[in-house]
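[1] Okay, predicted coordinates and the sequence, questions at the end:
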Amino acid sequence: MVSKRYYQMMHQAANDGARELAELLLQLGRAAYAEGAGGDLSAAQWAALRYFARANRFSRTVSGFAEFHATTRGTASQTVKSLVNRGFLERARSERDGRSVLFKLTQSARRHLRQDPFDALVRAAGRLNKRQLNDVTGELRRVGQYLEVERDTATVGRCERCGHLLDDRGEYRCGLMEEPLAEVELREICVRYRARS
Ligand code: SF4
């Protein structure tokens with residue numbers, strides 16, 4: 001018969017494993033963020049450039065970046081403004097409603113992103129083989145979903161995995177925004193993303 005002590009040990013081991021994973025994520029997150037503070041841009045400015053390079057047309061706003069970067073709208077606005085002043089971002093009116101202001105990368109920003117220090121972490125992850133990458137990514141995504149439930153918040157995610165995405169034999173459409181989506185947009189990130197239930 002298995003003793004109570006055995007169950008306690010197993011429970012303790014599972015807790016230790018969960019804590020080690022969470023600490024590892026924190027450590028990698030810190031390393032990634034510190035990597036961002038390379039060259040003549042701050043870590044927040046690098047994060048904004050990356051965000052606007054990958055965000056879809058519904059998300060290229062100051063509030064979208066604030067949500068993605070888990071910061072206040074005021075702080076996000078300062079970061080975006082500094083990038084506009086440096087010629088890395090430019091403003092455009094939303095074609096959808098004609099009122100909201102969207103931001104897009106300039107050619108200069110695209111050239112700058114070729115030296116993105118964050119790519120060191122991307123290269124390190126790229127040393128895993130395809131199966132390992134799929135496994136790790138899938139499990140981390142699952143941890144992210146549990147965290148969403150725990151905190152009752154949503155995270156920004158890729159369109160191709162969104163619960164609002166409708167696929168009519170290769171014709172893609174966003175069920176929330178009621179707009180067609182080009183295939184290339186499926187790989188972009190969106191602040192309105194909701195995990196499939
Ligand atoms: S399907 Fe989801 S991720 Fe894609 S545009 Fe619509 S809300 Fe955003």
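    Thanks, I have it.
[2] my read: Ala48 touches Phe68, true?
    No - the pair Ala48 / Phe68 is not scored as a contact, 9.2 Å apart, by Cβ atoms under 8 Å. For the C-beta atoms, the positions are set from N, CA and C on the backbone; glycine is no exception.
[3] out of the two, which sits in the busier spot?
    A direct count of neighbours by other Cβ atoms under 10 Å for Ala48 and Phe68 places Ala48 higher, at 25 against 22.
[4] tell me the contacts of that one?
    Shown in contact with Ala48 (Cβ atoms under 8 Å, 6 or more residues apart in numbering): 65, 69, 76, 79-80, 83, 89.
[5] Assign a three-state SS to the closest residue to it other than its chain neighbours, would you?
    Distances taken as Cβ to Cβ, 6 or more residues apart in numbering place Thr79 nearest to Ala48, at 5.0 Å, with adjacent residues excluded. With DSSP: H, G, I helix; E, B strand; the rest coil as the basis, Thr79 sits in helix.
[6] Surely Thr79 touches Phe68?
    No - taking contacts as Cβ under 8 Å, Thr79 lies outside contact range of Phe68: 11.6 Å.
[7] what are the ranges of the strands in the chain?
    Per DSSP state E, the chain carries strands over the ranges 89-93, 101-105, 157-158, 165-168, 171-174, 179-181, 189-190.
[8] Flag whichever of the ones you listed has the least confidence on average.
    For the strands of the chain, mean pLDDT drops lowest on strand 157-158, to a mean of 90.
[9] now the strands of the chain as JSON lines including distance to the ligand and mean neighbour count?
    Shown next, in JSON lines, are the strands of the chain (distance: least, Cβ to the nearest ligand atom, whole Å; neighbours: other Cβ atoms under 10 Å):
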{"stretch": "strand 89-93", "distance to the ligand": "18", "mean neighbour count": "14"}
{"stretch": "strand 101-105", "distance to the ligand": "14", "mean neighbour count": "17"}
{"stretch": "strand 157-158", "distance to the ligand": "7", "mean neighbour count": "18"}
{"stretch": "strand 165-168", "distance to the ligand": "4", "mean neighbour count": "13"}
{"stretch": "strand 171-174", "distance to the ligand": "3", "mean neighbour count": "15"}
{"stretch": "strand 179-181", "distance to the ligand": "6", "mean neighbour count": "15"}
{"stretch": "strand 189-190", "distance to the ligand": "3", "mean neighbour count": "23"}
